[in-house]
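Q: attaching a predicted model along with its sequence, questions to come.
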Amino acid sequence: MTIDLPLVARGKVREVYDAGEDRLLLVASDRISAYDHVLPTPIPDKGAVLTRLSVWWFEQLADVLAAHGAEHHLLPPTHLPAEVADRAMLVRRLEMAPVECVARGYLSGSGTVEYRRTGAIVDVELPAGLVEGSRLPEPVFTPSTKADVGEHDEAISFARTVELVGSARAEQLRELTLALYRRGHEVAQQAGIVLADTKFEFGVSGDTLVLADEVLTPDSSRFWPAVTWSPGAVQPSYDKQFVRDWLTSSGWDRQSPPPELPADVVDATRERYVAAYEALTGSSFG
Ligand SMILES: Nc1ncnc(-c2cnn(Cc3cccc(F)c3)c2)c1Cl
């Protein structure tokens, strides 16, 4: 990989480069992460599928953004470096809000752990009797602060969010996050996918709120197949279940580096990303 632009940030499966003139290049790799480890075996086209999906969602969500006086950060894809053109987004460089905006429509993961302990997720009270995978009566806004590399984000209260960004902006982030999630959940349901939760990142341009980062991808969200949704157990992941099951059956000790994936698991996983893209967008990935 020789992108001759300055590297701004490197995530587990993505990089951000400085494209000059207040623009950034978000590059999605073919790497896949499972059980908090980046696996050594790439999934061909994963970066391209997830990039195409984000680009499609920015278009789908334009009316929701406009209704909330917000915009998105995507720029026309001009002069993308050839070797990453199909898995890169050119975006406006923004002043990023110091809050990860998570919307949850279902109880899962860290949400379930919190709920079992307190009957709530931080300051968001929930009804009794919910289990892993339960649909919530209404989607909830459960913001978190960005953790250092390698750490998990830390859930924060709405009051803390107000301290960080002010009350007007905090209200706007909650309203917009939930509106975007609702639209995403609706569209995903038509495609046979349960959008259980998602994480948005926003920046500001002047006084305008701007939807940034990747949007409603299986890496920023929990995608579950709708046909197997059944509260009471950890739900199978739409895209990562073959990888998780194979890693578990391989006897891999999670303290040690993860093993290479067999070709059939790679192929089946690639197919899940392509299937999600085609089901959501109604277009063939190609
Ligand atoms: N439009 C923007 N303006 C300013 N900063 C960002 C920005 C920086 N970092 N991130 C998260 C991230 C995205 C990919 C790979 C990573 F390593 C980290 C997002 C954006 Cl998207």
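A: That came in fine, so what should we check first? Numbers count the residues shown, from 1 in each chain.
Q: which element follows the longest helix anywhere in the chain toward the C-terminus?
A: Scanning the chain for the helix with the most residues, using DSSP state H, yields helix 167-190. Helices and strands here follow DSSP states H and E; after helix 167-190, the next one along the chain is strand 193-205.
Q: can you give me the buried ones in that next one?
A: Residues of strand 193-205 classed as buried by neighbour count (16 or more other CB atoms under 10 Å): 193-204. From N, CA and C alone the C-beta is placed, and that goes for glycine too.
Q: coming back round to it: tell me what the longest helix of the chain is packed against?
A: Packing contacts for helix 167-190, counted by 3 or more CB pairs under 8 Å, 6 or more residues apart in numbering; DSSP states H and E, involve helix 46-60, helix 62-67, strand 101-106, strand 135-141, helix 158-165, strand 193-205, strand 208-212.
Q: now tabulate these in TSV and tack on distance to the ligand and mean pLDDT.
A: Shown next, in TSV, are the helices and strands packed on helix 167-190 (distance: least, CB to the nearest ligand atom, whole Å; pLDDT from 0 to 100):
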stretch	distance to the ligand	mean pLDDT
helix 46-60	10	98
helix 62-67	14	98
strand 101-106	13	98
strand 135-141	20	98
helix 158-165	16	98
strand 193-205	5	98
strand 208-212	4	98
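Q: report the angle between the longest helix of the chain and strand 208-212.
A: 40 degrees (axes from the mean of the first three to the mean of the last three CA atoms, to 10 degrees).
Q: flag every buried residue along helix 167-190.
A: Buried, per 16+ other CB under 10 Å, within helix 167-190: 169-170, 172-174, 176-185, 187-188.
Q: centre of the chain to that helix, how far?
A: 14 Å (CA atoms, centre = their mean, to the nearest Å).
Q: where does this structure have low pLDDT?
A: Applying pLDDT under 70 to the chain picks out residues 1.
Q: what parts of it come near the ligand?
A: Proximity of the chain to the ligand, by CB under 6 Å from any ligand atom, involves residues 9-11, 14-16, 24, 26, 73, 91-94, 96, 201, 203, 212-213.
Q: make a PyMOL selection of the buried ones in these.
A: Buried residues within the residues of the chain next to the ligand, by 16+ other CB under 10 Å, are selected in PyMOL with:
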select buried, resi 11+14+15+16+24+26+73+91+92+93+94+201+203+212+213
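Q: so which of the residues of the chain next to the ligand are in strands?
A: Among the residues of the chain next to the ligand, the members falling in strands are 9-10, 14-16, 24, 26, 91-92, 96, 201, 203, 212 (criterion: DSSP state E).
Q: and the two most separated of these?
A: Greatest spatial distance among those (CB to CB): Arg10 and Arg92, at 20.3 Å.
Q: that older thread, looking at the helices and strands packed on helix 167-190, spot the one closest to Ser250.
A: That would be helix 46-60 among the helices and strands packed on helix 167-190, by CB to CB, at 20.4 Å.
Q: angle of the closest one against helix 167-190?
A: 110 degrees.
Q: and for Pro44, the neighbour number?
A: Around Pro44 there are 14 other residues, counting by other CB atoms under 10 Å.
Q: that one and Arg116, how far apart?
A: 39 Å (CB to CB, to the nearest Å).
Q: related to what we said a few turns ago, tell me what angle the longest helix of the chain forms with strand 193-205.
A: Relative orientation of helix 167-190 versus strand 193-205 (the same axes, to 10 degrees): 150 degrees.
Q: residues contacting helix 167-190, please?
A: The contact list for helix 167-190 (CB atoms under 8 Å, 6 or more residues apart in numbering) reads 57, 60-61, 64-65, 67-68, 70, 97, 99, 101-103, 105, 139, 141, 143, 158, 161-162, 164-165, 194-195, 197-198, 200, 202, 209, 211, 215-216, 221, 223, 226, 280.
Q: buried subset of those residues as a PyMOL selection?
A: Entered in PyMOL, the line below selects the buried ones among the contacts of helix 167-190, by 16+ other CB under 10 Å:
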select buried, resi 57+60+61+64+65+68+70+97+99+101+102+103+105+139+141+143+158+161+164+165+194+195+197+198+200+202+209+211+215+216+221+223+280
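Q: re the thing from before, from the ones in strands among the residues of the chain next to the ligand, pick the one nearest Leu126.
A: Checking these against Leu126 by CB to CB gives Glu201 as the nearest, at 24.8 Å.
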